[in-house]
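Undergrad: could you work out the structure for the sequence below:
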Amino acid sequence: MLMPMVSSMSRVALPIVRDDFALQADVTAWIDVGFSLPFMLLMPVYGRLGDGLGARRLLMIGIALFALGSTTVMAATDLTSLLLGRALQGFGLSGMMPLSMALITTTFPTEIRGRALGTWSTIGPATAFLGPLVAGILVAGWGWRWAFAPPLLFGLLALIAVYRTIPKPKGEVELGFLRAFDWGGVVLLAPGMSCLIFFLSSRPITGVEPLKDWRLLLISALFLAAFVAWEKRRSSPFMPLGLFANGAFLRSSFCAAIRMVVMAGITFLVPLYLVDVQKMHPAELGGMLMIGAGAMTLIVRVAGALSDSCSSRWFVVVGLAVQMGVMLIFWQLPDDASLWSIGFTLGAHGLGAGLMLATLHKSVMSNIEESDTGAAAGLYGMFRFLGATMGTALCGVFLQMQLDGGASVVGAYQQVFLLMAIFPLLGILVAFTLRDQPSQ
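TA: Take a look at the predicted model:
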């Protein structure tokens, strides 16, 4: 519940935070990127550590970090402390998905795994459905900081739940495992991936216009090349490079990343669009943002069950096609568009995104060795949220470019929606190559 809760509730706070701190669009994007970047980077680390240390300890450490981050955000008085709190939230929650996916994959047999993942995947959209409405009421009454109060409360409850319901692992922590862990790979991967994101939205980092600070791209390439060379020499790398030779895994991960690029674009752009163009107040904004999550909740459980007996390819193709159609609809929406048309479009996006969620989870893990489930789930999560991080950063950059170029407010949003429609088109081309693995 924690990740979708804080994500959906922070969306309502985003326009108010932007106005309070007088931020431009590309800097505003860093309120989300500051969370998703560490969230993405630590996913494979948590996944690999989970293979050796077990889920319980890592879950409790992560939830404690999330609670600390939420407290820091609520107490923030400047952008620096706000971004620090968001980063701590991301660090804390980054292990939730790979650890949970690995547990489900090793617990449920292949023939019902899609149903199990569909049930698990329903929790997020259901939480995200209620989150915006609650946040809208809190923000309207007491300010944007209160949008982070429910995640803090539920984080503390989750800490108690994990402590009481997940059995303690047998034996003590194996210090030999920690000493042998591939910390060098982590040190090389993190700056490589970070500098790639910094290149996309460099002005808040180096002061250079976005997509122009080639130093960052060069640094990213050097660190990533060093990472690959390092991992090849390791007998037990935290990210097994053999996964990159698994074509089914890579294709499914690419489609999942594209899905998240579009979802992040919608998540970032729509709240700002509804405030800037439709002049919505926080409570109204929260109600409107419920629609997409509600539609996803309705479809994701059904799609997960159907994926056990139907081809995954068509779920993904149709889902990405719907996402592309939604971007094109927003491109054509005038500034006096009815709320009914906007709500219908957001509902369609929720159905499209939900249609392929559990299907991609199943497809990407379908031919992974059990010993590598944690690492594979972590790498898959990193790919997904690399897409989310890039989508948010690029939307902020594109929007600010349009505004700086003299476009009207509504025209600027329309052009960004059109640009973002390119990504699902790329995903559709890859989705046609997906093949279901035979049951074992």
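Undergrad: where's residue 418, which helix or strand?
TA: Here residue 418, judged by DSSP states H and E, is contained in helix 409-420.
Undergrad: swap that for residue 46, please
TA: Here residue 46, judged by DSSP H and E, is contained in helix 25-53.
Undergrad: what number of residues lie near the closest residue to residue 137 other than its chain neighbours?
TA: Excluding its sequence neighbours, the residue lying closest to residue 137 (CB to CB, 6 or more residues apart in numbering) is residue 283, at 5.7 Å. C-betas here are computed from N, CA, C, even on glycine. By other CB atoms under 10 Å, 18 other residues sit near residue 283.
Undergrad: so which strand or helix has residue 283?
TA: In this assignment (DSSP H and E), residue 283 forms part of helix 282-306.
Undergrad: ok, back up a step: I figured the residue nearest to residue 137 was touching residue 134, is that so?
TA: No - counting by CB atoms under 8 Å, residue 134 is not a contact partner of residue 283; they are 10.2 Å apart.
Undergrad: how much space separates residue 282 from residue 76?
TA: Computed with CB to CB, to the nearest Å, the distance linking residue 282 and residue 76 is 18 Å.
Undergrad: an error on my part: the question was meant for residue 5.
TA: Relative to residue 76, residue 5 is positioned 19 Å away (CB to CB).
Undergrad: more neighbours, those two?
TA: Neighbours per residue, other CB under 10 Å: of residue 5 and residue 76, the larger number sits with residue 5, 22 against 19.
Undergrad: just the buried residues of the host helix or strand of the more buried one, please?
TA: If you go by DSSP H and E, residue 5 is part of helix 2-21. In terms of neighbour count (16 or more other CB atoms under 10 Å), helix 2-21 has its buried residues at 2-18.
Undergrad: just checking, what packs against it?
TA: The contact analysis (3 or more CB pairs under 8 Å, 6 or more residues apart in numbering; DSSP states H and E) places helix 2-21 against helix 25-53, helix 55-75, helix 79-93, helix 96-107, helix 110-142, helix 149-165, helix 247-276, helix 282-306.
Undergrad: convert stretch 424-440 to CSV, retaining C-alpha atoms only.
TA: Taking C-alpha atoms only, stretch 424-440 is exported to CSV below (Å, rounded to 0.1, in the frame of the first residue of the first chain):
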residue,chain,number,x,y,z
PRO,A,424,3.9,3.7,-26.4
LEU,A,425,4.3,3.4,-30.2
LEU,A,426,7.8,2.1,-29.6
GLY,A,427,6.5,-0.3,-26.9
ILE,A,428,3.8,-1.7,-29.3
LEU,A,429,6.5,-2.6,-31.8
VAL,A,430,8.3,-4.6,-29.1
ALA,A,431,5.2,-6.1,-27.6
PHE,A,432,4.4,-7.9,-30.9
THR,A,433,7.5,-10.0,-30.3
LEU,A,434,6.4,-11.2,-26.8
ARG,A,435,5.9,-15.0,-26.5
ASP,A,436,4.4,-16.9,-23.6
GLN,A,437,6.6,-19.5,-21.9
PRO,A,438,5.3,-23.0,-21.5
SER,A,439,4.1,-24.0,-18.1
GLN,A,440,6.6,-26.1,-16.1
